[in-house]
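Asker: Provided below are the primary sequence and the corresponding predicted coordinates.
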Amino acid sequence: MKTKKTQRLRGITLSFLLFSGVFSLSAQNQIVPLWNKIPDEIKATDYKEKEVLKDGKMQSTSQVSVPTLSIFIPKEAKSNQTAVVICPGGGYTHLAFEKEGTKVAEWLNSLGIAAFVLKYRMPTDLTMKNKSVGPLQDGQEAIRYVRQNAAKWNIDPNKIGILGFSAGGHLASTVSTHYDDKVYESLCKVSARPDFSLLIYPVISMENETTHKGSQTNLLGNNPSQELLDSFSNDKRVTAKTPPAFLIHATDDTVVIPENSINYYLALKKNGVTAELHLYEKGGHGFGLGVNDTSKFWTRDCIEWLKANDYN
């Protein structure tokens, strides 16, 4: 009898500890609005965000018009830690928020890296005066927000990177190559330049023969000018000041072809910018943190790159 009572008490204690652990972990995290006033906003009452939930967690979301940052700070916070802004993919129509957002933030936290998942606006003429720069506005502001508040979370303001998957990789590479573009009036004087970028099966080019057509159409419209295509083909925007990059792609990716990563890598190399490219034989598209085949271990390679460049 005594044994059963002891086991029951232990079970209650364990349940309490597990609950407390979950609570303390989630209590450290918060969601903040990215803007006090969204730039160039058009009010559209019928354009409502559509979240897909599972077990109370947001799996994906579409029709985003109010951008936010979900903040994930490692439990064992250290001084001068690295931070990464995460841009989930989704073809500029939706955001794969769990697979390419919160799960990635938790992985980065396990490495001692602070993470900020950016829920960026979907480009549309319904809510934006110029939809092609809407996501870039959010990306620039996210980097500025983290850098401006770096001391609050013991973050080194010179170790703030950006990570993007698929179309989120296009946004991450756009921020990396257009960080000086004045696309909104900023009261914040800190730089919007990421210190490094992690680009995972990214859309890089907007050129017809290389791009992901859905991302191109959603961001730039049905018949974009050559000038617009060139401006958002980020392999053409690389300079010696573009941040170092770590790139991942699968050779058998038919959705976003690997030439996107290859051409960006070659542009970085040509400009003398530190870069590392991993092309895996198999993996397809949209494998997140890795599922099958050779792409499964990209996170291991990424950790080594972060260590080698003193970001971890």
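Answerer: Yep, that arrived.
Asker: any figure for the gap between residue 135 and residue 209?
Answerer: Separation of residue 135 from residue 209 (C-beta to C-beta, to the nearest Å): 23 Å. Bear in mind the C-beta positions are built from the backbone N, C-alpha and C, glycine included.
Asker: quick one: which of those two has more around it?
Answerer: residue 135 (27 against 7; other C-beta atoms under 10 Å).
Asker: let me know the secondary structure of the more buried one.
Answerer: Following DSSP: H, G, I helix; E, B strand; the rest coil, residue 135 is assigned to helix.
Asker: please enumerate the helices of the protein.
Answerer: 2-27, 103-110, 134-148, 167-177, 213-220, 226-231, 259-270, 298-308 (DSSP state H).
Asker: closest to residue 190 out of those?
Answerer: Of all the helices of the chain, helix 134-148 sits nearest to residue 190, with 4.5 Å by C-beta to C-beta.
Asker: what about this structure, any weak spots by pLDDT?
Answerer: Where the chain drops to pLDDT under 70, the residues are 1-28, 292-295.
Asker: for the closest residue to residue 93 other than its chain neighbours, what are its contacts?
Answerer: Spatial nearest neighbour of residue 93, chain neighbours left out: residue 218 (5.7 Å); criterion: C-beta to C-beta, 6 or more residues apart in numbering. Counting by C-beta atoms under 8 Å, 6 or more residues apart in numbering, residue 218 touches 91, 92, 93, 122, 123.
Asker: and if we set it to 6 Å?
Answerer: Residue 218 is in contact with 92, 93, 123, counting by C-beta atoms under 6 Å, 6 or more residues apart in numbering.
Asker: from residue 209, how far off is it?
Answerer: 18 Å.
Asker: rewinding a little: for the helices of the chain, which one ends up most surrounded?
Answerer: With neighbours defined as mean count of other C-beta atoms under 10 Å, the helices of the chain peak in mean count at helix 167-177, which reaches a mean of 30.
Asker: now do that one and helix 213-220, the angle between them.
Answerer: Counting by axes from the mean of the first three to the mean of the last three C-alpha atoms, to 10 degrees, helix 167-177 lies at 50 degrees to helix 213-220.
Asker: distance from the chain centre to helix 167-177, please.
Answerer: Between the centre of helix 167-177 and the centre of its host chain there is 9 Å, according to C-alpha atoms, centre = their mean, to the nearest Å.
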